[in-house]
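Got a sequence here, can you build the structure:
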Amino acid sequence: MPIDFDQIDDFVDSAANAIAKYHIQFTLSPNQISKFPSPENDLHWESIPYGDEHIENVPSDRRGIYAFAICSEVASLPPHCYVLYIGIAGRKSQRSLRERYRDYLNMKKVAKRARIARMISSWRAVLRFYYAPVSPETTSDQLEEIEKQLNGALLPPMAEGDVEATIKAQRRAFR
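Okay, here's the model as predicted:
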């Protein structure tokens, strides 16, 4: 039986659309994760589904930390969530969590960031925006340090920067 390249191409195209485009590599280091829970970083997380439908729940008067995570709330599945990205609102400014979140709903801004565009395009149906406001007394340097600690603990695959230099170098060694 001769090989049918059309059939093989169809299979590969189907597999790419069903599976490969969602492939993403996670690093889940118990040592890194256990380094984070410091009491001074008492963060109270809330979340909304990705999109502008619940944007009024995101504080418009507070800076803070945010994360994007893949989460499904299907009752028949065990609880799960995969953090893809961590960032901060108010880096050297008073920019609020809501203002920062709006950037992720802005086509021009998303299109400039390939990883973010992929994250939103691939997982928007199960993507959640998590946010944790910080007190007004939190300095920009403190905010950046919390971001670094979170990125170092969870090593989210869509976040490249804002992590300690040593961790960044170690991460690159295995890419």
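
Can you tell me the SS state at residue 69?
Here residue 69 is strand, with the state taken from DSSP: H, G, I helix; E, B strand; the rest coil.

So that it lines up with my notes, have the first residue be 59 from now on.
Sure thing, new numbering starts at 59, so read that last one as residue 127.

I'd say it and residue 138 touch.
No - counting by C-beta atoms under 8 Å, residue 127 does not reach residue 138; the two are 9.6 Å apart. Where you see a C-beta, it was placed from the backbone N, CA and C, and this is true even at glycine.

neighbour-wise, which of those two wins?
Between residue 127 and residue 138, counting by other C-beta atoms under 10 Å, residue 127 is the more crowded of the two (22 against 11).

Could you give the bridge partners of that one?
Listed by DSSP bridges, the beta-bridge partners for residue 127 are residue 141, residue 186.

Run through the residues that contact it.
Taking C-beta atoms under 8 Å, 6 or more residues apart in numbering, we find residue 127 in contact with 105, 139-142, 185-186, 188.

Repeat the analysis, applying 6 Å as the threshold.
Contacts of residue 127 were listed using C-beta atoms under 6 Å, 6 or more residues apart in numbering, and they are 139-141, 186, 188.

any chance of the residues you listed in TSV, plus neighbour count and distance to residue 158?
Rendered in TSV, the data for the contacts of residue 127 read as follows (neighbours: other C-beta atoms under 10 Å; distance: C-beta to C-beta, whole Å):
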residue	neighbour count	distance to residue 158
139	15	20
140	17	21
141	22	17
186	18	15
188	18	13
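
Mind picking the two most distant members of those?
140 and 188 (11.8 Å; C-beta to C-beta).

quick one, strands of the chain?
When assigned using DSSP state E, the strands of the chain occupy the ranges 104-107, 122-128, 140-147, 185-191.

so residue 187 touches residue 106, yeah?
Yes - with contact defined as C-beta atoms under 6 Å, residue 187 counts as touching residue 106 (5.4 Å).

Comparing these two, which shows the higher neighbour count?
Summary of the neighbour comparison: residue 187 and residue 106, criterion other C-beta under 10 Å, with residue 187 having more neighbours (24 against 17).

which ones are touching that one?
When the contact criterion is C-beta under 6 Å, 6+ apart, the partners of residue 187 are 106, 108, 159.

Try it again at 8 Å.
Remark: with contacts taken as C-beta under 8 Å, 6+ apart, residue 187 is in contact with 105-108, 116, 124-126, 159, 162.

Can you flag the buried ones in these?
By neighbour count, with 16 or more other C-beta atoms under 10 Å, the contacts of residue 187 hold 105-106, 108, 116, 124-126, 159, 162 as buried.

Nearest to residue 201 among the residues you listed?
Out of the buried ones among the contacts of residue 187, the one with the shortest distance to residue 201 is residue 124. That distance is 11.1 Å, counting by C-beta to C-beta.
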